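Undergrad: here is my input, please return the structure:
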Amino acid sequence: MSPALEQANVDARPAPIRWSADRGCRTIDCTLGKILIEGAVFRLDGRTGPEALRHLAEMIGREGPQAIARAEGDFVALIAADDAVYGFKSFTSQYQLYYREADGAVANRLGFFFDAAATRWNEDYLARHVLIVPGYQFLSRETPLRDVSRVLPGELIRLGGAITREQLVRRSYGYLLDAGQRREDVAPQILAILRDSIKGRLAAAADARICVEISGGLDSSFIACLLGEQASGIRGVMFSQPHLPSHAISEGYAREVADRYGIDLVIMPPEALPDAVDTDPGYSDEPSDFFWFGDWFSRSVAGVAEPGSLVFTGFGADQLFLRSPSFLPWLLRHRQYALFAGALPPASRLLSRGRANLGWQSVLSQLPEALHQRLNGAFAGGRWNPFDVGDVNMQRMLTDRVPWLRCGEGLRAYTEERYARERELVGDGIICDDWGYPAAPRTVTQSHFAAKGLTDASPFCDLPLLDFVYGEVSALLVHDFDGRYKELLRESQKGIVPDSLRARQNDTFTFDSFLLKYANKGRPYFDALLHTVPEGWIDRRAAAYALEQLSFGMTTSSTRSVMALMGYLGWREAFIRHASAKNVAGLMVARFADH
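TA: Residues are numbered from 1 along each chain as shown. Purely as a prediction, here's the structure:
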């Protein structure tokens, strides 16, 4: 626990409520009690910055805790009232809030609840992580600790006697299909929303330094340009792969953006990245299957960014603006036969697949998942598989059993639970392979960013943009197989992003070589981690064999899962170490004093 805690006891209140907050969190007085916030409120009724926080305190004092749902931002909040403790998480927040019913405690750090003598680990959480079940760290109440729960996005919990849960924010997204809508009809609003998002973030952290990751691609360059419009003294970071011809082009684009907007750009070649695996990472609330990316890339950003910086990225743009062949079976499922027939020829040209082939895969994708898996399994590993739908429905093809996993209920059961939770909170009317993506940046970066007070900032993940794209923009503009990829985003960038960059054909950054190098560099560490697994969770020998396959570059469900297992085990060792030492910075907590 941080040594510098601002703390208030029961004061003159009739109820025994105690709260504490690290100086890294905001504390606000209101007539109802005390409001504690981690993260940032960007906007509320047109107000930004400190004015938005003052307005929020007035609203909560006047209307009650439910008023917090009207605030736009990336935050979690505790409200310590006279007779109860409330917890709330904004709908697309990367931050987490945890609670334990047994003692009426709620905190923003899972480490607060750890007790070396009493903690019971959640085997189902491990299994979901190893099987890489999408969204479990966002839409599921389960946490790595069996007796601790997660506050869901948009949920208000009340701890005071019996616990109550109220879902204040939810969505039921569904595609708009307007063949008459043009890109220029909606692009200006996309630009305006992103500008407002960046304005709100900068106002909420007026004293913060600014860093931005720039790849030379469409997404990060757009954010860098919008930042350059509103801020100065910006530090840019680009990871370069000079041996790839496309990256020499990307570096030129990144420099063009930096020159136009006065960004201090640092180009990091592969040899500037860490050359070893961090075997003693900092504290993180939860593990990431993408931990290796954070270890090398986020750690490198932390070395360049000034302390206390907002670190902006283009993360989240793919989920909104990248066309997907999965749109073909989606059209069939929703009986949009004419639109399907119109989309099939350009998709066929784009993917270099016959129309009949893509049509057949789209039809197969309508089969019940369990039936399709049985049919696909009967031909798996053969020369030809007539039930392969990998071009239009890759999720159906990533269902191979992980033979060394010994605990949990299995991928099919977890997938059914995932779909049920998605329907409850966001609906099932759009294509999204992982609704947990808003929480992903912090899970990847926390152990590397926290020591320098760095904060990930991903404007493409903000709720107003999601609401506009999924509510007002025709999906036919996003999933347009005739033009270049992300044509809608390119239209939004007119006059902001250099035209040469907007016209680029390809900006793919490949990480496969980095992953393979990381896996081999960390092999002794990973072998040691296998000996930390509690009995009954895995078959250690079979998992070690999967590690061996990974070191030779094999890509299977087993090798994908064993890398996720390494992320969990490395996190678990670091979590135990830091939580046992009370080395958990940024903590805010509220609870009843009589527990």
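
Undergrad: pull the longest helix from the protein.
TA: The residue-count maximum for a helix in the chain (DSSP state H) belongs to helix 557-580.

Undergrad: chain center to that one: distance?
TA: Centroid displacement of helix 557-580 relative to its chain, using Cα atoms, centre = their mean, to the nearest Å, is 18 Å.

Undergrad: all numbers from here: first residue = 12
TA: With 12 as the first residue, the last one maps to helix 568-591.

Undergrad: count of residues packed around Tyr529?
TA: Counted by other Cβ atoms under 10 Å, the residues lying close to Tyr529 total 22. Bear in mind the C-beta positions are built from the backbone N, C-alpha and C, glycine included.

Undergrad: I misspoke; the intended subject was Arg194.
TA: 18.

Undergrad: what's the answer for the one 10 residues further on, then?
TA: Counted with other Cβ under 10 Å, the neighbours of Ile204 add up to 19.

Undergrad: what comes up buried for the longest helix of the chain?
TA: For helix 568-591, burial by neighbour count (16 or more other Cβ atoms under 10 Å) applies to 568-586, 589-590.

Undergrad: helices or strands next to it in the packing?
TA: Helices and strands touching helix 568-591, by 3 or more Cβ pairs under 8 Å, 6 or more residues apart in numbering; DSSP states H and E, are helix 134-141, helix 302-304, helix 534-541, helix 551-562.

Undergrad: between these, which one is nearest to Tyr348?
TA: Ranking the helices and strands packed on helix 568-591 by their distance to Tyr348 (criterion: Cβ to Cβ) puts helix 134-141 first, at 36.7 Å.

Undergrad: after that closest one, which helix or strand is next?
TA: helix 147-150 (DSSP states H and E).

Undergrad: which residues touch that following helix?
TA: Residues outside helix 147-150 that contact it (Cβ atoms under 8 Å, 6 or more residues apart in numbering) are 107, 136, 139-140, 153, 161, 163-164, 297, 425, 429, 432-433, 436, 446-450, 454.

Undergrad: with stretch 303-320 instead?
TA: By Cβ under 8 Å, 6+ apart, the residues outside stretch 303-320 that reach it are 218-222, 224, 246, 248, 250, 277, 279, 283-285, 288-289, 292, 299, 322, 455-456, 458-460, 462-466, 522, 525-526, 529-530, 533, 574, 578.

Undergrad: please identify the helix or strand for Thr456.
TA: helix 451-460.

Undergrad: hmm, Pro452 and Asp467 touching each other?
TA: Yes: at 4.1 Å, Asp467 counts as touching Pro452 under the criterion of Cβ atoms under 8 Å.

Undergrad: any chance you could map the strands in the stretch 12-161 of the chain?
TA: Taking DSSP state E, counting those that start in this stretch, the strands of the stretch 12-161 of the chain run over residues 16-19, 28-33, 37-41, 44-54, 83-92, 96-100, 109-111, 116-118, 160-161.

Undergrad: okay, these in JSON lines with mean neighbour count and distance to Phe390 next?
TA: Formatted as JSON lines, the strands of the stretch 12-161 of the chain follow (neighbours: other Cβ atoms under 10 Å; distance: least, Cβ to Cβ, whole Å):
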{"stretch": "strand 16-19", "mean neighbour count": "13", "distance to Phe390": "61"}
{"stretch": "strand 28-33", "mean neighbour count": "23", "distance to Phe390": "56"}
{"stretch": "strand 37-41", "mean neighbour count": "16", "distance to Phe390": "57"}
{"stretch": "strand 44-54", "mean neighbour count": "25", "distance to Phe390": "49"}
{"stretch": "strand 83-92", "mean neighbour count": "26", "distance to Phe390": "45"}
{"stretch": "strand 96-100", "mean neighbour count": "26", "distance to Phe390": "44"}
{"stretch": "strand 109-111", "mean neighbour count": "23", "distance to Phe390": "45"}
{"stretch": "strand 116-118", "mean neighbour count": "25", "distance to Phe390": "50"}
{"stretch": "strand 160-161", "mean neighbour count": "21", "distance to Phe390": "40"}
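
Undergrad: could I get those as JSON lines with distance to Leu540?
TA: Shown next, in JSON lines, are these (distance: least, Cβ to Cβ, whole Å):
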{"stretch": "strand 16-19", "distance to Leu540": "33"}
{"stretch": "strand 28-33", "distance to Leu540": "30"}
{"stretch": "strand 37-41", "distance to Leu540": "37"}
{"stretch": "strand 44-54", "distance to Leu540": "30"}
{"stretch": "strand 83-92", "distance to Leu540": "30"}
{"stretch": "strand 96-100", "distance to Leu540": "31"}
{"stretch": "strand 109-111", "distance to Leu540": "25"}
{"stretch": "strand 116-118", "distance to Leu540": "27"}
{"stretch": "strand 160-161", "distance to Leu540": "25"}
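
Undergrad: dump those strands into a markdown table; add mean pLDDT as well.
TA: Listed next are the strands of the stretch 12-161 of the chain as a markdown table, based on pLDDT from 0 to 100:
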| stretch | mean pLDDT |
| --- | --- |
| strand 16-19 | 37 |
| strand 28-33 | 86 |
| strand 37-41 | 94 |
| strand 44-54 | 96 |
| strand 83-92 | 96 |
| strand 96-100 | 97 |
| strand 109-111 | 96 |
| strand 116-118 | 95 |
| strand 160-161 | 98 |
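
Undergrad: closest one to Leu342 among those strands?
TA: Nearest of the strands of the stretch 12-161 of the chain to Leu342, taken as Cβ to Cβ: strand 83-92 at 32.6 Å.

Undergrad: name every sheet partner of that closest one and say whether each one runs parallel or antiparallel.
TA: Strand 83-92 pairs in its sheet with strand 44-54 (antiparallel), strand 96-100 (antiparallel), by DSSP bridges.

Undergrad: what about the residue nearest to Asp189 when sequence neighbours are not counted, how many neighbours?
TA: Using Cβ to Cβ, 6 or more residues apart in numbering and skipping the chain neighbours, the partner closest in space to Asp189 is Ser485 (4.0 Å). Residues lying near Ser485 (other Cβ under 10 Å) number 20.

Undergrad: what does Pro397 give?
TA: Pro397, neighbours per other Cβ under 10 Å, totals 11.
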